[in-house]
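1. give me coordinates for this.
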Amino acid sequence: MSSISTAAPKQSGEPSTKRVRLDSLTGLRWYAALLVFCYHFFYEETTTGTAQHMDKLKQVVYDGPSAVSFFFILSGFVLAWSARPRDTVTGFWRRRFARIYPSHVATFCLAAVSIAWMGKVLDPGIALGNLGLIQSWIPNRTDWWFGYNGVSWSLSCEALFYLAFPFIIKAVRRLSNRGLWATVIAGNACVALLPLFTAPIGHATGWDAKFVVYILPPVRLIEFVIGIAVALLVKNGAWRGPGLLASLSLSLIVIFGPVHVMPYNFHWAADTVIPFTLTIAAAARADIKGEPSPFRNRYVVYLGEISFALYLVHEIIIFSADHFLKTHQLVIPVTLHLSLVLAMSVVAAVLLHEWVEKPGVKLLSGSRRKPPADRVPVGGDSSADGSEGSEGSDGSDGNAGALAFIPRQRSAPATPAPNVPDPTQPPSRS
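-> Numbers count the residues shown, from 1 in each chain. Sure, this is the predicted structure:
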């Protein structure tokens, strides 16, 4: 099968990206996943806190669903940044499957056990849709979108991203820097303005607004493509934007400020797509240039590495803990409840990451094989977890320590593909 094109980045006055670890992107994943966790906790637990108290907390995390946009943009960025020279389409698909599916199946089974324990009915049709990652293609069916492990709806979007990536990257790489900028601007405009058109779209199709702007995979593909274009601009030294502090400040202001006075459908993604685009690019450039970043702390980076696992397990634990407290008529302070559930979620995420995700990558991706003779490892051995490169999103990514391969060239040295963290898709639902 054809290979995935990975032309070397254009030369410019920018610092070299050789052997750069983009740990800030990995660290940012933890905070995005934490926002998702808090959103789900305050909107879904029912046993602690007064109604007035919980309403105020819900307002604080109201923009939690927008974290999915961060992960989708980041997914495109990291996959484009770490695309492998001479990689085959099937090889790429195999590694993506190995990265996300074992953890998906494990948490699906855990969710099924939890649902049965709560005395609820297990629908086999929804189960097959969930395991087949087609649940997000079904219009106006929240039972399908959020059945079993509800957060896995975003993996249905990621599946489309991965299927399309080998073909998208070839097309986008042909664009000039001006074309890449046009892609970023047009993509941001589409996401930011789409909520204005949900009424006519709904009238024509019968689809509800949430399905159109938040769930439907082809719509979310726009954010993925934005990430690809941003990565190539940064790689080419052609990105121009605010620094990390300014970009991050803008993201926080939007998440905790104006979103509360904007129309409801803007809080799914439209309000934050521009700040998140700027933040991802700024974090990558900060690492490339060696600028200070609060997200490169080794503990934060590890939390970022387990963020995909945290995303997959946290809602199961929230619902299970709530059911336990309700069944035993226990009432505990909301801060204690939050702390216990978060601690259990982190522990479960570590176990899932170390015992399922990483072994699954080694087993299914063929990562134990030595690189072909015409490829030279950059900067050392392959990643510590045995994965074949760090690509993906929170919802499915490689590790920060992964190292790419470049082809040996006899005439002119190739520019090595830099080392990149994985991002993942953790997302949210209302």
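
2. and the longest helix anywhere in the chain, what does it pack against?
-> Using DSSP state H to define each element, the chain has its longest helix at helix 89-117. Applying 3 or more Cβ pairs under 8 Å, 6 or more residues apart in numbering; DSSP states H and E, one finds that helix 89-117 contacts strand 3-4, helix 124-131, helix 153-173, helix 307-327, helix 334-352, helix 358-364. Just so you know, the C-beta spots here come from the backbone N, C-alpha and C atoms, and that holds for glycine as well.

3. check which residues of whatever helix or strand comes next after the first one are buried.
-> For strand 3-4, the succeeding helix or strand toward the C-terminus, using DSSP states H and E, is helix 23-44. Of the residues in helix 23-44, those with enough neighbours to count as buried (16 or more other Cβ atoms under 10 Å) are 23-43.

4. then stretch 342-353?
-> Applying a neighbour-count criterion of 16+ other Cβ under 10 Å, one finds 342, 344-346, 348-350, 352-353 buried in stretch 342-353.

5. centre of the chain to it, how far?
-> 18 Å (Cα atoms, centre = their mean, to the nearest Å).

6. do stretch 195-213 as well
-> Its chain's C-alpha centre and that of stretch 195-213 lie 25 Å apart, by Cα atoms, centre = their mean.

7. next, the distance between the ends of it.
-> One end of stretch 195-213 to the other measures 7 Å (Cα to Cα, to the nearest Å).

8. for the remainder of this discussion, apply numbering that starts at 352.
-> Okay, residue one is now 352; in that scheme the one you just asked about reads as stretch 546-564.

9. now it: buried residues?
-> Under 16+ other Cβ under 10 Å, the buried positions of stretch 546-564 are 546, 549, 552, 558-564.

10. which one of those is nearest I477?
-> Taking Cβ to Cβ as the measure, F562 is the one of the buried residues of stretch 546-564 closest to I477, at 16.2 Å.

11. so the residue lying closest to the closest one once chain neighbours are set aside: helix, strand or coil?
-> The shortest distance from F562 to any non-neighbouring residue, by Cβ to Cβ, 6 or more residues apart in numbering, is to P490 (5.4 Å). Here P490 is recorded as coil under DSSP: H, G, I helix; E, B strand; the rest coil.

12. how much space between P490 and E574?
-> Look at P490 and E574: by Cβ to Cβ, to the nearest Å, they are 20 Å apart.

13. just want to know which of the two has more residues nearby.
-> E574 (28 against 15; other Cβ atoms under 10 Å).

14. wouldn't the more buried one be in contact with G427 here?
-> Yes - at 7.1 Å, E574 counts as touching G427 under the criterion of Cβ atoms under 8 Å.

15. mutual contacts of those two, please.
-> Common neighbours of E574 and G427 are not found (criterion: Cβ atoms under 8 Å, 6 or more residues apart in numbering).

16. count the residues that sit near T398.
-> 18.

17. please name the nearest non-neighbouring residue to it.
-> Nearest non-adjacent residue to T398, counting by Cβ to Cβ, 6+ apart: L676, 4.3 Å away.

18. ok, the one you found - contacts?
-> Taking Cβ under 8 Å, 6+ apart, one finds 398-399, 682-683, 688 in contact with L676.

19. how does it look with 10 Å?
-> Each residue near L676 by Cβ atoms under 10 Å, 6 or more residues apart in numbering is listed here: 396-399, 682-683, 688, 691.

20. wait, L567 touches S487, no?
-> Yes - with contact defined as Cβ atoms under 10 Å, L567 counts as touching S487 (6.8 Å).

21. what's A634 sitting at in phi/psi?
-> For A634, the backbone dihedrals are phi -70, psi -40 (criterion: degrees, to the nearest 10).

22. does it touch L599 like I think?
-> Yes - A634 is within contact range of L599, at 8.1 Å (criterion: Cβ under 10 Å).

23. neighbour count winner among those two?
-> The neighbour comparison of A634 against L599 (other Cβ under 10 Å) goes to A634, with 28 against 21.

24. report the contact partners of the more buried one.
-> Contacts for A634 (Cβ under 10 Å, 6+ apart) come out as 373-379, 425, 428, 594-595, 598-599, 642, 644, 646-647, 772.

25. export the contacts of L676 to JSON lines and tack on distance to V419?
-> Output for the contacts of L676, formatted as JSON lines (distance: Cβ to Cβ, whole Å):
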{"residue": "E396", "distance to V419": "21"}
{"residue": "T397", "distance to V419": "24"}
{"residue": "T398", "distance to V419": "27"}
{"residue": "T399", "distance to V419": "26"}
{"residue": "V682", "distance to V419": "32"}
{"residue": "I683", "distance to V419": "30"}
{"residue": "H688", "distance to V419": "25"}
{"residue": "L691", "distance to V419": "26"}
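
26. just the buried subset of those, please.
-> 396, 398-399, 688.

27. which one of these sits closest to Y413?
-> The nearest member of the buried ones among the contacts of L676 to Y413, counting by Cβ to Cβ, is E396 at 16.0 Å.

28. not counting sequence-adjacent ones, nearest residue to the closest one?
-> Nearest residue to E396 in three dimensions, chain neighbours excluded: D673, at 4.8 Å (Cβ to Cβ, 6+ apart).

29. could you tell me how many residues sit around that neighbour?
-> Using other Cβ under 10 Å, D673 has 19 other residues around it.

30. I'd say it and L691 touch.
-> No - with contacts counted by Cβ under 10 Å, D673 stays clear of L691, the gap being 11.5 Å.

31. quick one: the helix or strand harbouring T534 to chain centroid distance?
-> Using DSSP H and E, T534 falls within helix 528-544. Helix 528-544 has its C-alpha centroid displaced from the chain centroid by 20 Å (Cα atoms, centre = their mean).
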